[in-house]
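Peer 1: 3D, please:
(chains A and B)
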Amino acid sequence: MNGVHDMGGMHGMGPIPYEKNEPVFHARWEGRAFALNLAMQAWRKWNIDARRYEKELLPAAEYLRMSYYETWTARLVELLVKSGLVTRAEVESGRPAPGSPKATPPLTADKVPSMLRNGALASRDVPIVPRFQAGQLVRARNMHPTGHTRLPRYTRGKLGTIDLDHGVYVFPDTNAQFLGEKPQHVYSVRFAARELWGEQAAPRDAVYVDLWDDYLEPA
Amino acid sequence: MDSNNDHDHQAVPSDLTLRVKALESLLVEKGLVDPAALDAVIDTYEHKVGPRNGAQVVARAWVDAAYKKRLLIDATAAIAELGYGGYQGEHMLVVENTPKVHNLIVCTLCSCYPWSVLGLPPVWYKSAPYRSRAVIDPRGVLREFGLELPEDVEVRVWDSTAELRYLVLPERPAGSEKLSEEALAALVTRDAMVGVAKVMVPKRGAAHEWRA
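Peer 2: The predicted structure is shown next:
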């Protein structure tokens, strides 16, 4: 979707808010909100792409106004309600509905180290022929899907060169909406800064963007 | 505690404290979350996983040419040799700074960051100003961080749009030739591994200033 989250190349966002000796969390609630997000993922009711998409669906003005972990909190509530794990009424009252069953958490403290140590692979070990080769000139498609996509607007319609084939990965556009993993090759595509931004850009500079087969066409 | 640092906390903090507390107690009461698991997750990222991991990778690459070669070919495996990997570091790439190439990492679409080697990202990395400008004006962004690059240096910006996570291998600073691997690791900052700073050998007595 052409949302405000897709902000590469925008102006007017102000100075970079650098903080010396920044703590990992600025308040206790930030750590709790962060950890709640990770713990609830263990229910496997949604995937990482659905999680990113849910944040993109926050109203644009709210997305920009909220602090980072506030967006994580708002997104978690939406995912919980959509997945049926809790109801909106339960979130509002802060109490379980009368007579609702008590579950057993899939993520207990003893499982946290192995969960974080193992991570979650997004690559898929399936034999799929790459559509493009390193060194090949390609064009990022001029497409504007209303759902989730990882093709940034600033690359659309632009010419780039395949720098590296990363292998086969889950395709976010379908996975975010539970329409299947549609595994395909992901490439590092080199875009000359002047191709993206015109003569104002430095002549040697470049932006490398990781793009899926479905985002590219031969140039 | 909750009322400081309002630069990125425009909402009333006490409201968020209450909302998150209410959400946690609801999820615990429904048996959906184990509060001890939350403690363990927070402890991991506050005390165990952070930029010191990445600094050890960089220092090893500086002193061991064979390791550096492996790191640039298969970063995930080379980083695992030092015991790091996993969540948000499953698929790693290391990009090397040289006198002629400077690399900068960003995620314009959200906040992708190599947690396993750098920990959780700082506020500025996740902020709209950094995400919006890093790709269109990387030299201006670097200037804001106090880093002025000559015209003949090629700036490569890496936008983390997929599940690959990037770490910059900074240049080993002049004057560090006699330092041990451990002493080198102590010089390497988070900012240098994102690409918004260079690694410097500090003047005596000012070592802490270079740690981010």
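
Peer 1: report the central residue of chain A.
Peer 2: The structure's chain A has its C-alpha centroid closest to A:Arg52; by Cα atoms, centre = their mean the separation is 4.0 Å.

Peer 1: give me the below-cutoff pLDDT ranges for chain B.
Peer 2: B:1-13, B:204-212 (pLDDT under 70).

Peer 1: in it, which spans are helices?
Peer 2: B:13-29, B:35-43, B:51-63, B:65-73, B:75-81, B:115-118, B:123-126, B:128-136, B:138-144, B:181-187, B:190-194 (DSSP state H).

Peer 1: dump the fifth one to PDB, restricted to CA.
Peer 2: It refers to helix B:75-81. Extracted as PDB, the C-alpha positions of helix B:75-81 are listed here (Å, rounded to 0.1, in the frame of the first residue of the first chain):
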ATOM      1  CA  ALA B  75      28.300 -13.600   7.200                       C
ATOM      2  CA  THR B  76      25.700 -15.700   8.900                       C
ATOM      3  CA  ALA B  77      28.100 -18.700   9.300                       C
ATOM      4  CA  ALA B  78      31.100 -16.500  10.300                       C
ATOM      5  CA  ILE B  79      29.100 -14.700  12.900                       C
ATOM      6  CA  ALA B  80      27.800 -18.000  14.300                       C
ATOM      7  CA  GLU B  81      31.500 -19.000  14.800                       C
END
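
Peer 1: pull the contacting residues for A:His144.
Peer 2: Applying Cβ atoms under 8 Å, 6 or more residues apart in numbering or on different chains, one finds that A:His144 lies in contact with A:2, A:156. Where you see a C-beta, it was placed from the backbone N, CA and C, and this is true even at glycine.

Peer 1: can we see that at 7 Å?
Peer 2: Going by Cβ atoms under 7 Å, 6 or more residues apart in numbering or on different chains, A:His144 touches A:Asn2.

Peer 1: what is the burial count for A:Pro101?
Peer 2: Neighbourhood size, A:Pro101 [other Cβ atoms under 10 Å in any protein chain shown]: 7.

Peer 1: orientation of whichever strand or helix holds A:Lys82 relative to helix B:13-29 in degrees?
Peer 2: Following DSSP states H and E, one finds A:Lys82 within helix A:68-83. Using axes from the mean of the first three to the mean of the last three Cα atoms, to 10 degrees, one finds that helix A:68-83 and helix B:13-29 are set 40 degrees apart in direction.

Peer 1: any chance of the helices of chain B in TSV, plus mean neighbour count and distance to A:Val112?
Peer 2: Listed next are the helices of chain B as TSV, based on neighbours: other Cβ atoms under 10 Å in any protein chain shown; distance: least, Cβ to Cβ, whole Å:
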stretch	mean neighbour count	distance to A:Val112
helix B:13-29	18	16
helix B:35-43	19	4
helix B:51-63	22	17
helix B:65-73	15	28
helix B:75-81	18	19
helix B:115-118	25	14
helix B:123-126	21	23
helix B:128-136	24	29
helix B:138-144	18	35
helix B:181-187	17	26
helix B:190-194	26	23
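
Peer 1: and B:Arg172, which of the ones you listed is closest to it?
Peer 2: Checking those against B:Arg172 by Cβ to Cβ gives helix B:51-63 as the closest, at 4.6 Å.

Peer 1: report the separation between the residue nearest to the spatial centre of chain B and B:Ser180.
Peer 2: Central residue of chain B (Cα atoms, centre = their mean): B:Leu118, 3.9 Å from the mean position. Distance from B:Leu118 to B:Ser180, counting by Cβ to Cβ, to the nearest Å: 23 Å.

Peer 1: swap in A:Val138?
Peer 2: The value you get for A:Val138 to B:Ser180, if Cβ to Cβ is used, is 46 Å.

Peer 1: who has more neighbours out of the two?
Peer 2: A:Val138 (22 against 10).
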